[in-house]
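**Q** what follows is a predicted protein model with its sequence.
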Amino acid sequence: MLRLCRLLNRQGLASTAEQLSMLYKMQMSSSVSAGSLPGLPRACRTQQLLHSTVLRGVVHADAFGVAHPSNHNHSHLQQSFSSSQRVRHIVNSVAAPAPTIKHKWDSDTAKKALASLAEEPADFAKGVEVLDSIVKVYTVFSRPDYFLPWQNHPKRESTGTGFVIRDRLIMTNAHVVADQTYVTVKRHGSGTKYRADVIAVGHDVDLALLTVEDEDFWLGTEGTEIMKPLQLGDVPQLQEQVLVVGYPTGGDNTSITSGVVSRVEVTQYVHAASHLMAIQIDAAINPGNSGGPALKGDVVVGVAFQNLPHADNIGYIIPLPVVRRFLSEVQKFGFYRGFCSLGIVFQTMDNPHLRKALRMTSHQSGVLINRIQPTTSTAQVLQKGDVLMEFDGVPIANDGTVHFRARERVFFTSLITLKPTGSTARVKVLRSGKELEYDIQLEPLQTLVPVHKYDQLPSYFIYAGLVFVPLSQPYLHEYGDDWMSNSPRRLVDKALNSLMQKPGQQIIVLSQVLVDDINTGYQQFQNLQVLRVNGVEVLNLAHLKQLITGRTAAAAVEPAQEESIDPGSSTAPSSSDSSNGSSSSSSTVTVRVTVGSSDNGSSSTSSSSSAEAAPAASSSSSNPGLDDQYIRLELEDDRVIIMEKAAADAATERLQRRYRVPYLCSADLAD
């Protein structure tokens, strides 16, 4: 250890040698508490400073498909890294390029497995064969640390259930394999685990698809297929009995519980906070059951995925219409894009005075539109104050429900979420006492504050010790299970109520300040939104980085604006009709518009490289009296951060070494 410290001193790395020497002394003393090493950010335990911080931040990043030089897994790296190798890895990472993302569903094995979705299986599992097609899923996962976005939380393990739906294709829950680093599966009655790959995942619908390359997993001792796909059925009727098969916590053998269908309704999917159709049953669904089939005879009628806390035997299964839409999306696009949305905020119209004020007759019903996300094409034709009366010809009741089956009703949003991406829907609205109809092409909605960021590396940018991140609900989840009470109230309000005003927009937050002379006095500005840099309004994190460094990242900064349509005009253009309008006496107008984003559904605003960067205004014209040698950041509450650029540039490199930050920005912001 002393020899290593002398070597570092000779190479001009005195600060690294000092930290390493101090760490060695602390590890030799059991009386030193975790986190007591000065100058290091919170959440870094003492025993992880040189080991876990580096490995989890760089090497262990393969949890998200990040490419790195080593071919060994994380456990081998933990054993083979010597002290000198760890220090060298820290020093070299300063100049190393940011890691790039590789998608596992691009492999030939994944494409071959997904190709089986195009055809119905010739034969399905029957009788005892059904149990042979249900597998136990073992997952090693590591969640990102959004307070320290260059590293991950310690790895953890979990189990779940899956079942074969096509040749070489296994279905399970998305939350079973979320943020996975290593997945294995085991057949019913077998003692061997096989490596599995996640080839498609839909976190909004809590579904995922796996495949196994090893042919021994699929074949029996005589080389014959022993795992036949299970047949997919339909939504079961109320009071029909179902069996939930899986591998719940407490044992390795298959468990079977029975129950009846209690109701079918739109409910919240806890994994991604989405509201979709679900089936409530009174069968026990425990940890480990997730991803297992709910069977009616030999036919699958749902996928077990969650239960109701503090209640006895109340579980939920994903209905087959949601499953089939997920599979059709994957078959069509090769990945899951998300469910469609109109991008509106609405309220029910149970109050008779409200209906009368809006000139509704006794035969008319619907919901009142309160807000529309401006970036959607819905905002080009629908207006605040419109009454949405019908969707695809289905009348919407005043309580927001639509007819489902005999004496059953579900919330009307289920009609929207089940529509295929890119499909067209006709809506009827009441505006100023007149009924109007519009054809709308549906797309997934891009939200200003993402609800989830599973299987993604957090975006961040560090300059002069200031850590900038886009606001997301996973960032707020770092405050604990009761994050709505513990996290900053202003950020919670932005996360729950803000709508995207411009394409590609993000709320950029000063996450924390890595203390140094350059940023003394600015620590109190943590969790404030960054509004402007040198007088230029910040659009997103890539734009912020460009304004500060003067270099354009590969990320999109400001996509081109879409051509708007006057929502009040009865002559709005239609994609299906080239005429300039309709008769002034007609009360029905047909307009075809596109709802949502035109990209692939990714929540990251930095996925496109074809958009032009927003031009940055000169600091001299935007900030009279402020020299070009300074950088001025304007935050909410009229707070201001000003630093000399040359000193800030030097401090950035110094702080990167001091705090052992592998990269100054995330891979999506790399130049």
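**A** Cool, got the structure.

**Q** just the pLDDT for residue 269.
**A** pLDDT, residue 269: 94.

**Q** name the nearest residue to it, sequence neighbours excluded.
**A** Nearest non-adjacent residue to residue 269, counting by Cβ to Cβ, 6 or more residues apart in numbering: residue 206, 5.3 Å away. (Each C-beta comes from the backbone N, C-alpha and C, glycine too.)

**Q** roughly how far apart are the one you found and residue 408?
**A** Using Cβ to Cβ, to the nearest Å, residue 206 is found at 23 Å from residue 408.

**Q** between the two, which one's more packed in?
**A** Neighbour count, other Cβ atoms under 10 Å: between residue 206 and residue 408, residue 206 has more, with 28 against 14.

**Q** any idea how far whatever helix or strand residue 163 lives in is from the chain center?
**A** For residue 163, the host element (DSSP states H and E) is strand 156-166. With Cα atoms, centre = their mean, to the nearest Å as the basis, strand 156-166 stands 20 Å off its chain's centre.

**Q** packing partners for the helix or strand following it?
**A** On the C-terminal side of strand 156-166, the nearest following helix or strand under DSSP H and E is strand 169-172. Where contact means 3 or more Cβ pairs under 8 Å, 6 or more residues apart in numbering; DSSP states H and E, strand 169-172 is packed against strand 156-166, strand 207-211.

**Q** just to revisit the earlier point, so what's the residue nearest to residue 269 up against?
**A** Residue 206 makes contact with 173, 174, 175, 269, 271, 272, 305, 306, 318 under the criterion Cβ atoms under 8 Å, 6 or more residues apart in numbering.

**Q** can you report how many residues lie near residue 394?
**A** Neighbour tally, residue 394, other Cβ under 10 Å: 12.

**Q** measure it to residue 360 for me?
**A** Applying Cβ to Cβ to residue 394 and residue 360 gives a distance of 18 Å.

**Q** residue 342 now?
**A** 20 Å.

**Q** out of these two, which sits in the more crowded spot?
**A** When neighbours are counted by other Cβ under 10 Å, residue 342 and residue 360 differ, and residue 342 comes out ahead with 24 against 20.

**Q** for the more buried one, give me the pLDDT.
**A** The model reports residue 342 with a pLDDT of 92.

**Q** which non-adjacent residue is nearest it?
**A** residue 378 (5.3 Å).

**Q** helix, strand, or coil at the residue most central in space within the chain?
**A** The chain has residue 453 as the residue nearest its centroid, 3.0 Å off, counting by Cα atoms, centre = their mean. Per DSSP: H, G, I helix; E, B strand; the rest coil, the local secondary structure of residue 453 is coil.

**Q** from what I see, it and residue 472 are in contact.
**A** Yes: counting by Cβ atoms under 8 Å, residue 472 is a contact partner of residue 453 at 5.6 Å.

**Q** okay, now the closest residue to residue 314 other than its chain neighbours: neighbour count?
**A** Counting by Cβ to Cβ, 6+ apart, residue 308 is the residue found nearest to residue 314 once chain neighbours are left out, at 4.0 Å. Residue 308: 13 surrounding residues under other Cβ under 10 Å.

**Q** contacting residues around residue 308?
**A** Contacts of residue 308 (Cβ under 8 Å, 6+ apart): 314, 315, 316.

**Q** which strands and helices sit next to the host helix or strand of residue 543?
**A** Using DSSP H and E, residue 543 sits in helix 541-549. Contact analysis of helix 541-549 by 3+ Cβ pairs under 8 Å, 6+ apart lists strand 461-463, strand 466-470, strand 530-533 as its packing neighbours.

**Q** dump the ones you listed into TSV; add distance to residue 484, mean neighbour count and mean pLDDT as well.
**A** Output for these, formatted as TSV (distance: least, Cβ to Cβ, whole Å; neighbours: other Cβ atoms under 10 Å; pLDDT from 0 to 100):
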stretch	distance to residue 484	mean neighbour count	mean pLDDT
strand 461-463	27	23	96
strand 466-470	19	24	97
strand 530-533	23	20	96
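
**Q** those strands: which one's closest to residue 257?
**A** Among those, the nearest to residue 257 by Cβ to Cβ is strand 466-470 (42.2 Å).

**Q** next helix or strand past that closest one?
**A** Next helix or strand after strand 466-470 toward the C-terminus (DSSP H and E): helix 473-477.

**Q** and the next element down the chain from the biggest strand by length in the chain?
**A** If you go by DSSP state E, the chain has its longest strand at strand 255-269. The helix or strand immediately downstream of strand 255-269 is strand 274-281, counting by DSSP H and E.

**Q** buried residues, that next one. List them.
**A** 274, 276, 277, 278, 279, 280, 281 (16 or more other Cβ atoms under 10 Å).

**Q** touching, the fifth one and residue 316? I think so.
**A** Yes: in this structure, residue 279 is within contact of residue 316 by Cβ under 8 Å, at 6.7 Å.

**Q** quick check, residue 654 in a strand?
**A** No: checked against three-state DSSP, residue 654 lies outside a strand; its state is helix.

**Q** ok, it - contacts?
**A** residue 516.

**Q** how near is it to residue 343?
**A** Taking Cβ to Cβ, one finds residue 654 at 45 Å from residue 343.
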